[in-house]
Each structure stands twice: as C-alpha cells, then as structure tokens.
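Q: build the 3D model from these lines:
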Amino acid sequence: MIQFDEKTYFYLLLLLPAMVVLFVLVEFWKKRMQRRFADTQLLKRLTPSKSNFKSSLKLIFVLVGLSLLIVGLVNPKIGTKLETVKREGVDIVFAVDVSKSMLAEDIAPNRLEKAKRLVSEIINQLASDRIGIIAYAGQAFPQLPITTDYGAAKMFLQSMNTNMLSSQGTAINEAIKLASTYYDDEDQTNRVLFIVSDGEDHSEGSTIDAVELAVEEGIKIFTLGVGSSKGGPIPIKRNGVVERLKKDAQGEVVITKLNEDVLEEIADNGDGEYINGSNTDEAVEFIKEELNQMDKKEFEAKQFAEYKDQFQWFLGAALLFLFLDVFLLERKTRWLKRLNLFNEKNIDE
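A: This is a model prediction of the structure:
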C-alpha cells in the first residue's frame, strides 16, 4: 500500500515537457547559427572533439534527476504491515433520492447537490463508523456496500446524478428494503438508515410496511428533508443550460415541494427523527449528537500500518543523475571514441 504526503508536487512534472521543447528550440537555433558561421565540414574539423550525442544524454540525466527529485518531494510511503485493528462504531446507510424532483433549485444550488453536501459533511464527523450508500428513484440501486473507506464513499457520492437510474418516480420503500440487506453484522445493536429526500413518495402506502419490517430488524430510520415548502419547478438541462421546465400531462409546469409530513411519518414509525436539512451546520450537529449517544459495536477492520518514508531513495538517485550531468562534458570520451558506439568516426569523415 502506497501513500503520498504532498501530491501537489506532481504538477511540477509538467515542467519536464517544456524543458524538452526548450532544448529542441535551442539546439535548432545553435545549428542555424553554426551554419551561418562556417561550413558544416569545416566546423567538424575545427571542433573534432565535440560529441554529437552528449548534449542529449545530459538532457536525459537532468530530466531523470528532476523527475526523481519531484517524486522525493511528494514523499511516497509504503505500508509494510497489514494488521487487524479493533474499532467501535455504528453501521450507517445513506439512501439518497436521485429522482428528477431533486433537480429543483428552490434550495441552492439544487436539492441533489444539497443532499450530497449534507451526507459529505456527516461523513466528515464520523470516526470509526461503517457506512454504505444507496441511490433510489423509481427503484433502489446499491451505490457502495458497508465500508470504513470514507474516501471511496465521498467519491461514489459525488458521482451520483438523476440520470443514473432509468426508472423514475420515488419509491422510498424500495430504498428501505435494499438498506435492510446492507447490515452484514448480525450482532450489531445499532443500525441506522438516513433517508435524504424531498419527501415525494410514489410507493402507494407500502412505505410504512417497509419501515415496520426494518424496525423489527433493529434499524433506526432518520429522514433528512431537502427542499422548501414553497417548492419550485424542475428544470431540464443540457450541458448546464436550461432547455425547458418539466410539465405534467395537461401541459402545466410541475411545482415540486418538500413534503415534510411523509418524512416525519417515516421517522416516527422508524424510531428515529426527522431533520430539516436547510441549515447544513445545524442538521449535521444534531446528527452528530444522536450518533454519539448510541452504543458502539466493536468490530475488526484490516488496515496497513507502519508506513515508512521512501523519499531518501528518490533524492539519492536524483542527486546521482544531476551529479553525472555536471561532470559529463560535451566532448568525446577517448575510449568511447575508439569503440565508435555512436558511429561518430563516419560522421567526422
């Protein structure tokens, strides 16, 4: 397992192609000036010891040296030992609504982006809890199984959009049923499900049945409301530009509103709480306190340990190549000249 301390130094590698281009331009300019000064054959006789390849070799040494120096600045570390550690936490699943109504911009920048920010901020407050992510609209789709890898969770979270599920509508019951299969630890005493939604539900009454079954399995259901009671239209965009607003069968513009009643009913029956997500800081702080009050279950997790710095190897190799560049002269080496590896005798003749 490899880690990098200062990844921003990798951008310095972009300087290397620029150095190559500059070298080619300088060499072209030098040859042009030499042709103005004297005939090519005459120049070869005037400078018989000048090597035709060592300038390129010196450039290679410099490029390799600088590349190794940059990698050294990044400071790669290698995990030398995989060990099992004991952790305590709660199993948490986030079910995020990705239906078209989440595109409404009654809360900036839109409901879906607000939902993703809420989940991301909650993850930032976690320490050793395990998390999973579900996307749902007309059906539910597993986005990330239970894991302690918060970095992967945020990556999958940011990739979520309203086009990832072909089945539209909003079936909260499907999300709850899928979430029930996520908890792989039968001894886990605290299982938490966060439903992040605007409250639209087309499950036709079966949602509460799904909630009751989840509660029987020891799952607490919290709901996070995203949107406003005033509501707003649903923009249909292409390349970030609004083409039209979504309309119903009668040709009227659809106005979608935050349905807090549905979310409150789900939370009440799910032994949890309803949280209005309009104020991110307040919502995250409330959830943090709720999770801290829950009993933590101990579980095992494997992780790399004893990371050791490796920068010294790269810096040493970099200094070696830069040292060779300094002491490598652009004149022919006698023993190489005798070997004629680069066919320089024929060139001189």
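Q: and whichever strand or helix holds residue 288, which residues are buried?
A: Per DSSP states H and E: residue 288 is located in helix 280-293. Residues of helix 280-293 classed as buried by neighbour count (16 or more other CB atoms under 10 Å): 283-284, 287, 290-291. All C-beta atoms are positioned from the backbone trio N, CA, C, and that covers glycine.
Q: and what of stretch 94-112?
A: Judged by neighbour count using 16+ other CB under 10 Å, the buried positions of stretch 94-112 are 94-107, 110-112.
Q: end to end, how far does that stretch reach?
A: From its first residue to its last, stretch 94-112 covers 13 Å (CA to CA, to the nearest Å).
Q: how far away is the nearest residue to residue 119 once chain neighbours are set aside from residue 164?
A: Nearest residue to residue 119 in three dimensions, chain neighbours excluded: residue 94, at 5.1 Å (CB to CB, 6 or more residues apart in numbering). From residue 94 across to residue 164, the span is 15 Å (CB to CB, to the nearest Å).
Q: helices along the stretch 101-250 of the chain, start to end?
A: With DSSP state H, counting those that start in this stretch as the criterion, the stretch 101-250 of the chain has helices at 111-124, 150-158, 172-180, 206-216.
Q: mind putting the ones you listed into TSV with distance to residue 236?
A: Shown next, in TSV, are those (distance: least, CB to CB, whole Å):
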stretch	distance to residue 236
helix 111-124	14
helix 150-158	22
helix 172-180	24
helix 206-216	27
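Q: packed most tightly, which of those would that be?
A: helix 172-180 (a mean of 24; mean count of other CB atoms under 10 Å).
Q: can you check what angle separates that one from helix 206-216?
A: Here helix 172-180 points in a direction 20 degrees away from that of helix 206-216 (axes from the mean of the first three to the mean of the last three CA atoms, to 10 degrees).
Q: pLDDT averaged over helix 172-180 - what is it?
A: Helix 172-180 carries an average pLDDT of 93.
Q: confirm that the residue nearest to residue 119 sits in a strand.
A: Yes. The assignment for residue 94 (DSSP: H, G, I helix; E, B strand; the rest coil) places it in a strand.
Q: partners of it in the sheet?
A: residue 133, residue 194 (DSSP bridges).
Q: how close does residue 75 sit to residue 317?
A: For residue 75 relative to residue 317 (CB to CB), the value is 15 Å.
Q: and what of residue 60?
A: 14 Å.
Q: so which of those two has more stuff around it?
A: residue 317 (17 against 13; other CB atoms under 10 Å).
Q: where's the more buried one, which helix or strand?
A: With DSSP H and E as the test, residue 317 turns up in helix 311-327.
Q: by contact count, what packs against that helix?
A: Contacts defined by 3 or more CB pairs under 8 Å, 6 or more residues apart in numbering; DSSP states H and E place helix 311-327 against helix 54-74.
Q: tilt between the helix it packs on and helix 311-327?
A: Using the same axes, to 10 degrees: helix 54-74 against helix 311-327 is 160 degrees.
Q: give me the mean pLDDT for helix 54-74.
A: 86.
Q: same question, stretch 13-27
A: In this model, stretch 13-27 has a mean pLDDT of 88.
Q: and stretch 136-143, by the same measure?
A: The model assigns stretch 136-143 a mean pLDDT of 90.
Q: between the two ends of it, how far is it?
A: Termini of stretch 136-143 sit 9 Å apart (CA to CA).
Q: buried residues in it, which are they?
A: 136-137, 140-141, 143.
Q: returning to that earlier point: to residue 4, which of the helices of the stretch 101-250 of the chain lies closest?
A: Nearest of the helices of the stretch 101-250 of the chain to residue 4, taken as CB to CB: helix 150-158 at 13.2 Å.
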